[in-house]
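Trainee: The sequence and its predicted three-dimensional model are supplied below.
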Amino acid sequence: MIQKIKGAEDILPKDSYKWQYIEDVARDLFERYLYQEIRTPMMESYDLFSRSVGDTTDIVSKEMYDFYDKGERHIALRPEGTAGVVRAYVEHKLHGPEFAKPLKLYYIGPMFRYERPQAGRQRQFHQIGVEAFGSVNPATDAEIIALAWHFFEELEVKNLKLYLNSLGKPEERQVYREALIEYFTPVKDQLSKDSQKRLETNPMRIIDSKAPEDKALSQDAPAIIDFLGDESRKHFEQVQAHLDALNIPYTIDPTIVRGLDYYQHTIFEIIVEDDSIGAQSTVCGGGRYDGLVEQIGGPAESGIGFAIGMERLLILLEEQGIEIPAVEPVDIYVMGLGEEVETVTLQIVQAARQAGLIAERDYLGRSMKSQFKTISKLNTKLVMTVGEQELADGLVQLKNQDTGKQATEKLADVLADIASVYRKHTMDTSVIDEFFKGGF
Ligand code: ATP
Ligand code: MG
């Protein structure tokens, strides 16, 4: 039997409605902040990621799915969303005068990383992300962090903590890099194997390494904050002041460095405090990437964004017992009894659907009893029954499942205007009664 690829998951109907719910909440919220959707390809040239995310990052050097296509082009499945959005921004000149500034975009879709699969870590996973281009104002940093925070509030997720750090400008980072090399070199042989390699290529990665030996040695390592110049420091202070003003709680954490090369200034992560998603506790990561647009061949425009991991978010909602609205109840179930009514029951469900109602019927010639089981499972509001006798008499039997009230209608009327028949027999009169009871 052919099975799915390791680290990729099927999203079955028992779960897909949860995905739709989260996506709906995201779209609705992003619209309030004037973010518009962008959909970029899942394949990009390999160079896009090696240049932006960075050659020496784990993502590019170890985790990327890349291949040569039949035309010998070096292709990668996107490991993250920002690079592709920046590429599209540059390629379509979305920085031009006819576009809003800052230009605010969001995306929802699958990403690919060759990692060891475990709960909350897959090879094909999904992110919801946003990017804002063209504003260096610290208020934009605060807005984007507020948006991420608001999103989790809308979903009623608890026990989240926001961690902030600043990576300053590339020049400042360069000095910091030297300081790290100086600090770690004398203890090089006590570092993990990976970090020994990182020492030359990407020493900042040692700081956020998960290996215990690296963690211990990183405790007293120099902190980037101490390497920031006046301008960077001021930017970071303003971001914090704005967050204070918006009552968004945060903690400054100098060990957050983020795994991608393109960040500068503000970076942040939102982490689950309880152990509801075990070791994979980061649900959102983001930051400012002011040099990236230029690096990809565009003008010197700034950018900032974040990405939320969908799988981790779903585990979190589950663990915290957050209820996700279930699928809608069925308006009409057409119960057909006997072969003679095959056609007319099909006509009735079709009429209902065309009238905008959710409708279903039986297709397996099941007994009345087993059709009623389905009716209650589907949370049906109105049952319309047609058997041989009804067909001969030109009638339909109705039953309101909430009230138990039964009635009969002419088949011709049902087919001519099923919406009116439905309303007549399902109208919730309690609302009207309540209104009149209150008097004028
Ligand atoms: P981690 O440190 O857990 O590997 P990361 O820093 O590599 O995370 P980012 O590149 O910042 O992750 O991606 C943003 C978010 O996407 C993460 O916070 C996480 O929620 C999610 N994510 C990243 N990689 C995976 C994966 N392999 N499977 C599921 N979700 C992921
Ligand atoms: Mg990772």
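Mentor: Arrived safely, thanks for sending. Ligands and ions are numbered 1, 2, ... in the order given.
Trainee: Now stretch 337-344: buried residues?
Mentor: 337, 341, 344 (16 or more other Cβ atoms under 10 Å). Using the backbone N, CA and C atoms, a C-beta is placed for each residue, glycine as well.
Trainee: what do you get for stretch 216-236?
Mentor: Quick answer for stretch 216-236 (16+ other Cβ under 10 Å): 217, 218, 221, 222, 223, 224, 225, 227, 228, 232, 235, 236.
Trainee: so which two of these are the farthest from each other?
Mentor: Distances among the buried residues of stretch 216-236 were taken as Cβ to Cβ; the most separated pair is 217 and 235, at 29.8 Å.
Trainee: how much space between the residue nearest to residue 114 when sequence neighbours are not counted and ligand 1?
Mentor: Spatial nearest neighbour of residue 114, chain neighbours left out: residue 63 (5.0 Å); criterion: Cβ to Cβ, 6 or more residues apart in numbering. Distance, residue 63 to ligand 1, using Cβ to the nearest ligand atom, to the nearest Å: 8 Å.
Trainee: returning to that earlier point: so which of the buried residues of stretch 337-344 belong to strands?
Mentor: Among those, the members found in strands (DSSP state E) are residue 337.
Trainee: pull the helix or strand with minimum mean pLDDT from this protein.
Mentor: Ranked by mean pLDDT, DSSP states H and E, the helix or strand of the chain with the weakest confidence is helix 429-437, at a mean of 59.
Trainee: Tell me which residue lies nearest the centroid of the protein.
Mentor: residue 128 (3.4 Å; Cα atoms, centre = their mean).
Trainee: Quick one: mean pLDDT over the one helix or strand it maps to.
Mentor: Take DSSP states H and E as the rule and residue 128 turns out to sit in strand 124-133. Averaged over strand 124-133, pLDDT sits at 98.
Trainee: Please apply the same query to stretch 307-316.
Mentor: For stretch 307-316, mean pLDDT rounds to 96.
Trainee: quick one: contacts for the residue of the chain found nearest ligand 1?
Mentor: Closest residue of the chain to ligand 1, Cβ to the nearest ligand atom: residue 309 (2.1 Å). By Cβ atoms under 8 Å, 6 or more residues apart in numbering, the contact list for residue 309 reads 120, 125, 126, 127, 280, 282, 283, 284.
Trainee: okay if I get these as JSON lines plus neighbour count and distance to ligand 1?
Mentor: Listed next are the contacts of residue 309 as JSON lines, based on neighbours: other Cβ atoms under 10 Å; distance: Cβ to the nearest ligand atom, whole Å:
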{"residue": "120", "neighbour count": "22", "distance to ligand 1": "6"}
{"residue": "125", "neighbour count": "21", "distance to ligand 1": "3"}
{"residue": "126", "neighbour count": "21", "distance to ligand 1": "8"}
{"residue": "127", "neighbour count": "22", "distance to ligand 1": "5"}
{"residue": "280", "neighbour count": "15", "distance to ligand 1": "5"}
{"residue": "282", "neighbour count": "17", "distance to ligand 1": "4"}
{"residue": "283", "neighbour count": "24", "distance to ligand 1": "5"}
{"residue": "284", "neighbour count": "24", "distance to ligand 1": "6"}
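Trainee: and which of those is nearest residue 78?
Mentor: residue 127 (9.8 Å).
Trainee: now the angle from the longest helix anywhere in the chain to strand 124-133?
Mentor: Ranked by residue count under DSSP state H, the longest helix found in the chain is helix 13-32. Counting by axes from the mean of the first three to the mean of the last three Cα atoms, to 10 degrees, helix 13-32 lies at 0 degrees to strand 124-133.
Trainee: which strands and helices sit next to helix 13-32?
Mentor: Here helix 13-32 touches strand 103-112, strand 124-133, helix 138-154, helix 310-319, going by 3 or more Cβ pairs under 8 Å, 6 or more residues apart in numbering; DSSP states H and E.
Trainee: where does the chain come near ligand 1, residue by residue?
Mentor: Residues of the chain lying close to ligand 1 by Cβ under 6 Å from any ligand atom are 80, 113, 115, 120-122, 125, 127, 259, 280, 282-285, 307, 309, 311-312.
Trainee: can you pull out the helices in the stretch 51-200 of the chain?
Mentor: Ranges of helices in the stretch 51-200 of the chain, per DSSP state H, counting those that start in this stretch, are 58, 82-91, 138-154, 170-184, 193-201.
Trainee: Pick the most deeply packed of these.
Mentor: helix 82-91 (a mean of 22; mean count of other Cβ atoms under 10 Å).
Trainee: what about that helix, average pLDDT?
Mentor: Confidence for helix 82-91, expressed as mean pLDDT, is 98.
Trainee: and if you look at stretch 48-60?
Mentor: 93.
Trainee: Grab the CA positions of that stretch and hand them over as PDB.
Mentor: Taking C-alpha atoms only, stretch 48-60 is exported to PDB below (Å, rounded to 0.1, in the frame of the first residue of the first chain):
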ATOM      1  CA  LEU A  48      16.300  33.100  -3.400                       C
ATOM      2  CA  PHE A  49      16.600  31.300   0.000                       C
ATOM      3  CA  SER A  50      20.300  30.900   0.000                       C
ATOM      4  CA  ARG A  51      20.600  34.700  -0.500                       C
ATOM      5  CA  SER A  52      17.800  35.700   2.000                       C
ATOM      6  CA  VAL A  53      17.400  33.100   4.700                       C
ATOM      7  CA  GLY A  54      21.200  32.500   4.400                       C
ATOM      8  CA  ASP A  55      23.600  29.800   3.300                       C
ATOM      9  CA  THR A  56      24.800  29.100   6.800                       C
ATOM     10  CA  THR A  57      21.400  28.800   8.500                       C
ATOM     11  CA  ASP A  58      20.100  25.300   9.400                       C
ATOM     12  CA  ILE A  59      17.100  26.000   7.200                       C
ATOM     13  CA  VAL A  60      19.100  26.400   4.000                       C
END
